[in-house]
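>>> 3D, please:
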Amino acid sequence: MRLERIAWDGADPEALAERLRAATSPPPELAERVGAIIERVRTEGDAALLELSVELDGAERMPDMLQVAVGEAEDAHGSLDPELVAAMSLAAENIRAVAQAELREPLEVDLPQGHSVSVLERAVRSAGIYAPGGRAAYPSSVLMGAIPAKVAGVGRVVLVSPPGPDGRLEPAVLAAAHVAGVDEIYTLGGAQAIAALALGTATVGRVDVIAGPGNAWVTEAKRQLFGTVGIDGLAGPSELVIVADGAADSREVALDALAQAEHGPDSPVVIVSDALTVLDAVAADLESLTPDRTSVADAPFSLVEAPTLDHAVRLSDAFAPEHLELRLEGAANRAWDRIAGCVFVGEAGATAFGDYTAGSNHVLPTGGAARFSGPLGVSAFMRRMSVVDVPAGAASKLSEATGALAQAEGLPVHGESARVRSSTETGNLQVD
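Next comes the predicted model:
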């Protein structure tokens, strides 16, 4: 366990946040290697996908077909432990309810000149959902990605996930695809899966948007292919900040920190408090609880003593974490103005609920991106469009202003195009 204690004087929270983040940069050759994978998929198609699954995903063998029959997902759902099926159903119901609440009706604005501008959102035609996999199964990521896409109205939702050693997907992943209503399933992982979704092959039809968490290879492929395909964001290691007052339960805080460390050795966990006694107790609990929990990776834990709780909250805002737990009095009132992907409050507000069953999405901005983005939701699968309705009377009132701006920008024909719609000039356009 890597545990750092910091006594902070409250000065320059941005500098301390940068130090705490300790983001691990991907190896410099990663971009080049991902580019080579994308090019192989572009030129070799399905053959490259099958070869790369063995070379990179650890599959000892691959089936002849990349696509999984949707009926296999239904069969997998029926074969699972009923308790797991019930848990998936509960999570799905909550995720779906939150996603449905995000849907918005078209907005129409009537302007003083007599015209109107409507802003509406329409679902993209197809979306690819990436769910991590391979040595482990992540059915929750299937639910978090596919359900908002379906609620948005996407007609074709495609799931890709890396194969296990036997070249197949875990039954829990297939069952989650059934629960979420996925239309197509492919045994594909890594950068090659992103390339297949973005570029298309003989077997895998291209999609309009790709969403879902993945490793550095997946993220780099999304970065390189953005523009060819829409993406939800660029995910990095998972993060947690806990702001605790003197009354916080140290064992609960320690367990929440250790739970976050299960995501991997690069997942920073920061615990900030103005109470030295709480930090001491959390440190002791971390030391005693870690040895018996073999799933916990060697993640970096930072315990920061802040001058006041206000300083602690400012440090959290500077960090802009993926997950934020406010374990303090009046947490609900402080939550609304925070900068974080997801904020957890309440006496039992643990991040684990958000990862699985609370209904909030666990695909969240990392690396400080919470400053400008938020959780995965229906908007990731929507395209916005404006509809402008200009009656003749409105054109008369807009044409002179339009012409003036167009002339100032050196685009005089724009102004001419507007003025010819004016009631005073309609019919007077002369063609030499």
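>>> how many neighbouring residues does residue 392 have?
11 (other C-beta atoms under 10 Å). Heads up, the C-betas are built off the backbone N, CA and C, glycines and all.
>>> how much space between it and residue 113?
Distance of residue 392 to residue 113, given as C-beta to C-beta, to the nearest Å: 11 Å.
>>> residue 314 too?
For residue 314, the distance to residue 113 - C-beta to C-beta - is 46 Å.
>>> report the strands that pair with the helix or strand containing residue 302, each with its relative direction.
Take DSSP states H and E as the rule and residue 302 turns out to sit in strand 300-305. Strand pairing for strand 300-305, determined by DSSP bridges: strand 2-7 (parallel), strand 269-273 (parallel).
>>> return the most buried member of those.
The highest average neighbour count among the strands paired with strand 300-305, using mean count of other C-beta atoms under 10 Å, belongs to strand 269-273 at a mean of 26.
>>> for that one, the distance to its chain's centre please.
23 Å (C-alpha atoms, centre = their mean, to the nearest Å).
>>> begin at 40, not 1, for the rest of this chat.
That works, and once the first residue is 40, the last one we named lands at strand 308-312.
>>> so for it, mean pLDDT?
Strand 308-312 shows a mean pLDDT of 97.
>>> try stretch 221-228
96.
>>> which residues touch it?
88, 92, 95-96, 101-102, 105-107, 109, 111-112, 168, 171-173, 181, 185, 195-202, 206-208, 213, 216, 232, 235, 242-244 (C-beta atoms under 8 Å, 6 or more residues apart in numbering).
>>> among those residues, which are located in helices?
Among those, the ones falling in helices (DSSP state H) are 88, 92, 95, 109, 111, 112, 181, 185, 213, 216, 232, 235.
>>> tell me which two in those residues are the farthest apart.
95 and 109 (26.1 Å; C-beta to C-beta).
>>> for the chain, give me the ranges with low pLDDT.
62-64, 99-100, 102, 174, 462-471 (pLDDT under 70).
>>> count of neighbours near residue 267?
Considering only other C-beta under 10 Å, residue 267 is surrounded by 12 other residues.
>>> identify the residue nearest it in space, chain neighbours excluded?
The shortest distance from residue 267 to any non-neighbouring residue, by C-beta to C-beta, 6 or more residues apart in numbering, is to residue 237 (5.0 Å).
>>> how deep is the one you found tucked in, by neighbour count?
26.
>>> next one: the one 5 residues further on
Neighbours of residue 242 under the rule other C-beta under 10 Å: 16.
>>> that one and residue 223: what is the separation?
10 Å.
>>> ok, now residue 81?
Taken as C-beta to C-beta, the span from residue 81 to residue 223 is 21 Å.
>>> separation between residue 96 and residue 105?
12 Å.
>>> next: residue 139.
32 Å.
>>> so between these two, which is more surrounded?
residue 105 (22 against 13).
>>> quick one: residues contacting the more buried one.
Per C-beta under 8 Å, 6+ apart, neighbours of residue 105: 85, 88, 89, 225, 226, 227, 242, 243.
>>> in space, what's closest to the fifth one - neighbours in sequence excluded?
For residue 226, ignoring the flanking residues on the chain, the nearest one in space by C-beta to C-beta, 6+ apart is residue 202 at 4.7 Å.
>>> pretty sure that neighbour contacts residue 209?
No: contact status for residue 202 versus residue 209: not in contact, 9.4 Å apart, counting by C-beta atoms under 8 Å.
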